[in-house]
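Following is a predicted model, sequence given first.
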Amino acid sequence: MKRQVTISGEPIDTAALAAGWAAANDMGAVICFLGVVRAGEDGKRIQALDYEAHVRMAEHQFHLLFDQIEQRWPIGSVRLVHRIGVVKAGEPSLWVEVLAPHRGEAFAACQWLIDEMKRVVPIWKKPI
Amino acid sequence: MKRQVTISGEPIDTAALAAGWAAANDMGAVICFLGVVRAGEDGKRIQALDYEAHVRMAEHQFHLLFDQIEQRWPIGSVRLVHRIGVVKAGEPSLWVEVLAPHRGEAFAACQWLIDEMKRVVPIWKKPI
Amino acid sequence: MKITICFYSYFKELTGCAQTSEELADGSKLGDLTAQVFARFPKLSAMQKSTLFAVGVDYQNRDFVLRDGDEVSLFPPVQGG
Amino acid sequence: MKITICFYSYFKELTGCAQTSEELADGSKLGDLTAQVFARFPKLSAMQKSTLFAVGVDYQNRDFVLRDGDEVSLFPPVQGG
C-alpha cells in the first residue's frame, strides 16, 4: 500500500492533489474526503480555526493507522494532508484520498481512518 | 440542494471538477468518488468498457434519487458525471461529489446514491 | 393504438433491433404489450424474469395502462458506475 | 533522571508553559511522573481524567517505565479534521 502523510502550514492544493488521480494503477475506486472549516457551528460564528499538532507524534500515529488499514482492507494507496496553523472559514484543513480495487473497501477505509484520526492523532483546534 | 447530472461521451475532467470545490458554501465535508475502469476483473483482462445509457431516463432517475437524498439528509450539493461510450482501462467513468455540513451525512448520501444508481439508473456496460 | 418499444444493452442482440412497434387495443396494459413482445422475440422471452420495464422515463409494472404514442423500454438489469 | 514534559492545546494555558522538566528516581513510572506534574500544576490536575499521555511518539499507560531523557507529552482529547 502506498502511503503519504503531510502535516503542514501550507494551504491544501486540491487541484494538484486531484491531478494525482491519473496514477491510480488498476484501482477501480478513488474516494477523496475534504474537510472544510465552517464559518458557523453550534450557532457561533468563527473567522478561522487555529490548528496545533504534535507533528512527529501525529505522523507516527497516522502511520500506525495506515498499518491497520493495510491489514484490514486491500487498499492500493492512502494520501492524507492535514493543514495546521490558522485555516480560514471556507478553506480545507484535511484531505484524505483512498484508492482501492472496489468502492466498498475504499469507503470503509476512508471513514475508519477519519474516525480513528479524531481519536488518536494529536491535533487540536481553537476557534478564532 | 444544488444538483447537477451530466451523462456524456466526453472524458471526465477531474481537475476542472475538483476546482469547483472552492464554491462550497459553509459545507464542512466534501466527498468525491471516482469510479475508474479496471484493466483486470475476475481474472479477465479488458481494454475498455463500452457504456450505453437510456440517457433521458437515466437523467430522470438520477433526479428521483436526488429528491430522496434531499428528504433524507441535509445535503448542500450533489454533482454527478457519468461518461458513456468507450472508456479505456485506467480512465474514470463516474464522478460523484457530495457537499454537506458534516462528514457523516456526506458519506451516507454518497454511498447510498452509488448503490441506488446501480439498481435503477439505466446504464449498461460491455467489456471490449 | 401504436406503442414504440426500445431495447437496450444485449436485448438489442437478442431481438436483432434497437426499436420496434406494436399495435394494441385501447386500454391495453404494459403486461399485454410485453406478452406480445416476448411472443415475437423468443430469445428475449428467456430473459422475462430479469427484464426491467419503463414507460417514458419511469419504471412501471404490468398493470400500467398504456396510451397511444407511449414509448416503452425493455432492458436487462442496469450496471452503471 | 531527567524527563522533559510537553503540554499541548489549552494545557499550555493551564500550566503557563509549553515545556518543563522533572527529576525522578531511576525506575520511575509514567504514573509517578504525572502525579508529580499534577501536584505542581493544580489547574491541570482538574483535567486528570481526560488527559492523554505519550512518551515520545507513542501513547503509554501509567505503568510504563521511564528512562532518562524521555520526552513525555500531556494533552487533552484530540480534535483534528
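Yes, it's here. Residues are numbered from 1 along each chain as shown, chains lettered A, B, ... in the order given.

And the residue in chain A that chain C sits nearest to, how far from chain B?
Residue nearest to chain C within chain A: A:R103 (8.0 Å; C-beta to the nearest C-beta). C-beta coordinates here come from the backbone N, C-alpha and C atoms, glycine included. Per C-beta to the nearest C-beta, to the nearest Å, A:R103 is found 6 Å from chain B.

who's the residue lying closest to that residue once chain neighbours are set aside bridged to?
With sequence-adjacent residues excluded and distances taken as C-beta to C-beta, 6 or more residues apart in numbering or on different chains, A:R103 is closest to A:A29, at 4.0 Å. A:A29 has these beta-bridge partners by DSSP bridges: A:A100, B:G35.

Show the contacting residues for A:A29.
Counting by C-beta atoms under 8 Å, 6 or more residues apart in numbering or on different chains, A:A29 makes contact with A:L99, A:A100, A:P101, A:H102, A:R103, A:E105, A:A106, A:F107, B:F33, B:L34, B:G35, B:V36.

ok, whichever residue of chain C sits closest to chain B - how many residues close by?
Scanning chain C for proximity to chain B using C-beta to the nearest C-beta identifies C:G80 as nearest, at 3.2 Å. Neighbour count for C:G80, taken as other C-beta atoms under 10 Å in any protein chain shown: 25.

what's the closest non-adjacent residue to it?
Nearest non-adjacent residue to C:G80 (C-beta to C-beta, 6+ apart): B:I123, at 3.2 Å.

Show me which residues of chain A sit near chain B.
Neighbours of chain B within chain A, by C-beta under 8 Å from any C-beta of the partner chain: A:14-15, A:17-19, A:21, A:24, A:26-41, A:89-90, A:92, A:101, A:103, A:106-107, A:110-111, A:114.

Those in helices, which ones?
Those of these mapping onto helices are A:T14, A:A15, A:L17, A:A18, A:A19, A:R103, A:A106, A:F107, A:C110, A:Q111, A:I114, per DSSP state H.

Could you look up the SS state of the residue of chain C closest to chain B?
With DSSP: H, G, I helix; E, B strand; the rest coil as the basis, C:G80 sits in coil.

quick one: pLDDT of residue 16?
All of this refers to chain A. Here, the pLDDT recorded for A:A16 equals 85.

I was after chain C.
Per-residue pLDDT puts C:G16 at 97.

can you check the one 10 residues further on too?
The score at C:D26 is 96. That number is its pLDDT.

ok, and the closest non-adjacent residue to residue 19?
Picking chain A for this. Per C-beta to C-beta, 6+ apart, closest to A:A19 is B:A15, 5.8 Å.

wait, I meant chain C there
In space, C:Q19 is closest to C:C6, 5.1 Å off (C-beta to C-beta, 6+ apart).

quick one: that neighbour and C:A18 touch, right?
Yes: counting by C-beta atoms under 8 Å, C:C6 touches C:A18, with 6.6 Å between them.
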